[in-house]
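A.B. asks: can't give you the sequence, but here's the structure:
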């Protein structure tokens, strides 16, 4: 249990507050517009704020949104020929989301699954594909992946300094390489570029489960220098699954309370060297601790996981000529994990073993480079080409075994080219291709052909694409030796397979959206189909050990149907339904893919009854999903669940706002992952002071 005197001691907050106040007293400066750094996105929240709100227009007009995740260049989502959702800055503020995984719950086509309480392992499945087939980027810069091949730190990503979140649900390995077979989640952060005066804020929140959150952030411009910095801390203590702390093997034995602590920092800095050359430096750090009480049927009272991640990424954007812009960045990411389980040691001793202590230490160092070249060959034709590569060094040491279960390095280097052509007004044709060379298994090629068309008289937007994509095997599949479960369970070891080949996909989709009633109602529909070959599945060997093999074919198909309603300027309602059917053709281990619902409803609504007050409502309804039963270990259909959330924000004046938020208002008792309960009904409240 954390010392109560240390619980509220945030030594870094007063120091940062002093720095922000100092920056705010700097002379106001306005600089000339600069070329957007790699991954930057033009959005209304990055522009100087105005003191007046324009009156509602007829027809309803939405803010201009620009994305880069789909094509690597800024453009409207309607011209990318992808299925893309943008959670805008206003959406994030109105929704009062606690974290990035919470915000992603509002996106159709996604299954966001957390193993237990916030801070637990979080996976994102796009259109039924695997979690390691989703690429996560921040400002267009690839985030390092963990042992599983996915972003293992996704659960700890906060909304500090986040401007908007772009979610592309289309295979785009042809520009982003491996891990983008399902799509891309791009997190766009705020910058200080163009601000006439600095903007800073501090906020505090408290609520259920002994939850406290503090945040401080600032951004602005001082002559040719711009900055955007933020820091936050969260502490929560979730209850144990059942009462009692009796010794192992006696009545009343249970898991520990689920504690979660997360300290984060993010800083973006830029300097305009010349009107055509801009340097930036992106920095980030997070330190997250979560206890791991395990499944409710096998409680573990002492296990805990510490994940520490720091990221440093310098970049440059240079407008070389009127038609050629060059962008480049380098990123170093270091992730360290300590998985500690003193109770596991005691349990092994109880069954007659003599372990050296149950602790696994993991470290992954990733170095990435990306050199992008944008050519505007004509007013209606542009080419993007570049080189992107990663180099990883990693090791994992297991104290029970007494040696490294993983130790090595791997790398990949890829080249890509993309064409965007508008032969006719409203018609966009996109072609792209990429080749990657991997040290682990050789080469992989991917491509995409797509088109979108705006029918001007009716404002109908149609899009279609066909693409090939791939996902490289994960480190744990290729190299990690796992001794298996505790000996008394009788499970064998999980063996590495360095001969695995990448999973490949041939996917296509087609969609349409049609504004009606002067844009007040917009229905949309998209059909998707993915045919995955060489799918990696777990196979039991004759000696009762296990190994992963390329043995399966997976077909994931379905559709998204949505309705956006904007009857008046103060009311917003989005309702979406996703149907996903997954067929696995695998004669060796014919098991279904798990934790991906067949039917999924998501709804969000916002109402401004009076100018200072914003009310928001969100709902998720998950129907027909499968998972391994926590008791038997066999695949089974899990119960459906419906979760409701609501919040209210009141702006007292231009500097002070207060809010309240309710989560799981139906007090639904559900398990997002079998054996791991989600939090019960909860409430939070907070205050934000801007200056």
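C.D. replies: Nice, thanks for sending it over. What you see is a predicted model; the values in this text were computed from it and never measured. Numbers count the residues shown, from 1 in each chain.
A.B. asks: remind me which residues of the protein are low pLDDT?
C.D. replies: 1-63, 240-257, 292-302, 341-358, 483-491, 587-592 (pLDDT under 70).
A.B. asks: how about a cut-off of 80?
C.D. replies: 1-64, 116, 239-258, 292-303, 340-359, 399-402, 481-493, 544, 586-593, 630-634 (pLDDT under 80).
A.B. asks: give the buried residues for stretch 434-448.
C.D. replies: Within stretch 434-448, the residues that qualify as buried are 434-436, 438, 440-441, 444, 446, 448, counting by 16 or more other CB atoms under 10 Å. All C-beta atoms are positioned from the backbone trio N, CA, C, and that covers glycine.
A.B. asks: got a list of contacts for it?
C.D. replies: With CB atoms under 8 Å, 6 or more residues apart in numbering as the test, stretch 434-448 has contacts from 171-178, 410-417, 430-433, 465-470, 472-473, 478, 498, 500-502, 504.
A.B. asks: buried members of those into PyMOL, please.
C.D. replies: Here is the PyMOL selection string for the buried members of the contacts of stretch 434-448, based on 16+ other CB under 10 Å:
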select buried, resi 171+172+173+174+175+176+177+178+410+412+413+414+415+416+417+430+431+432+433+465+467+468+469+470+472+473+478+500+501+502+504
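A.B. asks: what is the helix or strand harbouring residue 94 packed up against?
C.D. replies: Per DSSP states H and E: residue 94 is located in helix 89-95. Applying 3 or more CB pairs under 8 Å, 6 or more residues apart in numbering; DSSP states H and E, one finds that helix 89-95 makes contact with helix 100-104, strand 162-168, strand 599-607, strand 613-623, strand 641-651.
A.B. asks: dump those into CSV; add mean neighbour count and distance to residue 494 as well.
C.D. replies: CSV is the format used below for the helices and strands packed on helix 89-95 (neighbours: other CB atoms under 10 Å; distance: least, CB to CB, whole Å):
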stretch, mean neighbour count, distance to residue 494
helix 100-104, 21, 27
strand 162-168, 24, 32
strand 599-607, 19, 31
strand 613-623, 18, 29
strand 641-651, 18, 31
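A.B. asks: out of those, nearest to residue 400?
C.D. replies: Residue 400 lies closest, by CB to CB, to one member of the helices and strands packed on helix 89-95: helix 100-104, at 30.9 Å.
A.B. asks: other SSEs contacting that closest one?
C.D. replies: helix 89-95, strand 110-114, strand 122-126, strand 162-168.
A.B. asks: and the nearest residue to residue 390 once chain neighbours are set aside, what does it touch?
C.D. replies: Take residue 390 and drop its neighbours on the chain: the residue closest to it by CB to CB, 6 or more residues apart in numbering is residue 368, 4.8 Å away. Residue 368 makes contact with 141-142, 144, 330-331, 333, 388-391, according to CB under 8 Å, 6+ apart.
A.B. asks: show me which of those residues are buried.
C.D. replies: 141-142, 144, 331, 333, 388-390.
A.B. asks: in this structure, which spans are helices?
C.D. replies: 4-7, 12-24, 89-95, 100-104, 173-176, 342-350, 475-478 (DSSP state H).
A.B. asks: ok now the fourth one, how far from the chain's centre?
C.D. replies: Pointing back at helix 100-104 there. 7 Å (CA atoms, centre = their mean, to the nearest Å).
A.B. asks: so what touches that helix?
C.D. replies: Taking CB under 8 Å, 6+ apart as the rule, helix 100-104 contacts 87, 91-92, 95, 97, 110, 112, 114, 118, 122, 124, 154-155, 157-159, 162, 165, 167, 185, 187.
A.B. asks: next one: the fifth one
C.D. replies: Around helix 173-176, the neighbours that count as contacts under CB under 8 Å, 6+ apart are 71-72, 135, 137, 142, 180-181, 184, 384, 416, 418, 432-434, 446-448, 467-470.
A.B. asks: the same query, at a cut-off of 6 Å, please.
C.D. replies: 72, 135, 180-181, 416, 418, 432-434, 446-448, 469-470 (CB atoms under 6 Å, 6 or more residues apart in numbering).
A.B. asks: now do the third one
C.D. replies: Taking CB under 6 Å, 6+ apart as the criterion, the residues outside helix 89-95 that touch it are 45, 163-164, 606, 614, 616.
A.B. asks: try stretch 599-612
C.D. replies: Taking CB under 6 Å, 6+ apart as the rule, stretch 599-612 contacts 94, 106, 108, 570-579, 614-624, 650-651.
A.B. asks: ok so, going back, reformat the helices and strands packed on helix 100-104 as JSON lines; add distance to residue 309.
C.D. replies: Shown next, in JSON lines, are those (distance: least, CB to CB, whole Å):
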{"stretch": "helix 89-95", "distance to residue 309": "22"}
{"stretch": "strand 110-114", "distance to residue 309": "18"}
{"stretch": "strand 122-126", "distance to residue 309": "14"}
{"stretch": "strand 162-168", "distance to residue 309": "17"}
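A.B. asks: looking at the ones you listed, which is closest to residue 583?
C.D. replies: Nearest of the helices and strands packed on helix 100-104 (CB to CB): strand 122-126, 15.6 Å.
A.B. asks: partner strands of that closest one and their direction?
C.D. replies: With DSSP bridges as the test, strand 122-126 is paired with strand 110-114 (antiparallel).
A.B. asks: for the contacts of helix 173-176, which one is nearest residue 338?
C.D. replies: residue 135 (26.5 Å).
A.B. asks: the closest one touches residue 181, doesn't it?
C.D. replies: No - contact between residue 135 and residue 181 fails when scored by CB atoms under 6 Å: they sit 8.6 Å apart.
A.B. asks: okay, those two: which has more neighbours?
C.D. replies: For residue 135 and residue 181, the more surrounded residue by other CB atoms under 10 Å is residue 181, and the numbers stand at 31 against 26.
A.B. asks: what does the more buried one show for phi and psi?
C.D. replies: phi -70, psi -30 (degrees, to the nearest 10).
A.B. asks: return the residues in contact with it.
C.D. replies: 133, 171, 173, 469, 471, 505.
A.B. asks: and these, which is closest to residue 512?
C.D. replies: residue 171 (19.5 Å).
A.B. asks: for the closest one, give me its contacts.
C.D. replies: 181, 467, 469, 505, 507.
A.B. asks: let's see that with 8 Å instead.
C.D. replies: 180-183, 448, 467-469, 505, 507, 530.
A.B. asks: now swap in residue 76 and tell me
C.D. replies: 64-67.
A.B. asks: ok, 7 Å please
C.D. replies: Shown in contact with residue 76 (CB atoms under 7 Å, 6 or more residues apart in numbering): residue 66.
A.B. asks: state the distance from it to residue 546.
C.D. replies: 48 Å (CB to CB, to the nearest Å).
A.B. asks: swap in residue 384?
C.D. replies: 43 Å.
A.B. asks: more neighbours: these two, which one.
C.D. replies: Set side by side, residue 384 and residue 546 show more neighbours around residue 384, with 20 against 17, by other CB under 10 Å.
A.B. asks: relative to residue 282, how far out is that one?
C.D. replies: On the measure of CB to CB, residue 384 and residue 282 end up 21 Å apart.
A.B. asks: how about residue 437?
C.D. replies: 27 Å.
A.B. asks: can you list the helices and strands packed on helix 89-95 in CSV and add distance to residue 271?
C.D. replies: What follows is the helices and strands packed on helix 89-95, written out as CSV (distance: least, CB to CB, whole Å):
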stretch, distance to residue 271
helix 100-104, 28
strand 162-168, 20
strand 599-607, 38
strand 613-623, 37
strand 641-651, 34
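A.B. asks: quick one: which of these is nearest residue 204?
C.D. replies: strand 641-651 (14.7 Å).
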